[in-house]
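>>> can't give you the sequence, but here's the structure:
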């Protein structure tokens, strides 16, 4: 029987937890959510060595940064244009998606913008296809635009590979 551990914390303490438990529980499956800071976690684990990184799962609220989803491709183009030399990662991709959704809300709110109009405009977003592979919907009682979760798993090289969570 495999052991499982879910830890919701920042990258450094997660890496320390994995370092302290990997030898004791070699079959343990380590999981975390995107809040951890995926790139920082991978970097921290690779400093310890590939065996600490390999197999660590991080769930994401955006598709894999190496996917061909149209929003990911637009994000990479914008990143290369405005921040040359900066590598794509999940944190900045999440920011790009959030910014794109804010822009959609601003367009819908119109010229006489105030907080209430922006909230009302965002709450009209239904089944919005922004090229993620999952529709975005908001409403007066629904402020989480997507319930889709994408899985990623670190390999021996500290790179995330998409995995199927279903």
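Ah, there it is. Remember, it's a predicted structure, so these values are computed and weren't measured experimentally. Numbering: from 1, shown residues only.
>>> quick one, strands of the chain?
Using DSSP state E, the strands of the chain run over 4-6, 29-33, 57-60, 150-154, 160-163.
>>> other SSEs contacting the fourth one?
Where contact means 3 or more CB pairs under 8 Å, 6 or more residues apart in numbering; DSSP states H and E, strand 150-154 is packed against helix 38-48, strand 57-60, strand 160-163. The C-beta positions use only the backbone N, C-alpha and C, and glycine is treated the same way.
>>> and the contacts of the longest one?
Which is helix 38-48. Identification of contacts with helix 38-48 by CB atoms under 8 Å, 6 or more residues apart in numbering yields 11-12, 14-15, 18-19, 32, 52-53, 56, 58, 60, 87, 89-91, 152, 154, 158-160.
>>> just give me the neighbour total for residue 138.
20 (other CB atoms under 10 Å).
>>> which residues touch it?
Neighbours of residue 138 in contact, by CB under 8 Å, 6+ apart: 122-126, 145.
>>> looking at the protein, which helix is longest?
helix 90-109 (DSSP state H).
>>> show me what it is packed up against.
Short answer (3+ CB pairs under 8 Å, 6+ apart): helix 90-109 packs on helix 38-48, helix 70-82, helix 115-122.
>>> domain map for this structure?
Following automatic domain parsing, one finds the domains of the chain at 4-61+149-163, 65-145.
>>> ranking these by burial, who's on top?
Each of these was scored by mean neighbour count; the highest is domain 4-61+149-163, a mean of 17, by mean count of other CB atoms under 10 Å.
>>> avg pLDDT for it?
The average pLDDT for domain 4-61+149-163 rounds to 90.
>>> before we move on, what about stretch 88-108?
Across stretch 88-108, the average pLDDT comes to 96.
>>> show residues contacting that stretch.
By CB under 8 Å, 6+ apart, stretch 88-108 touches 34, 37-39, 58, 60-62, 65-66, 71-72, 74-76, 78-79, 86, 113, 118, 121-122, 124-125, 128, 130, 132, 136, 145, 152, 160.
>>> what does stretch 74-82 give?
Here stretch 74-82 makes contact (CB under 8 Å, 6+ apart) with 65, 86, 88, 92-93, 96-97, 131.
>>> now with 7 Å?
The contact list for stretch 74-82 (CB atoms under 7 Å, 6 or more residues apart in numbering) reads 86, 88, 92-93, 96.
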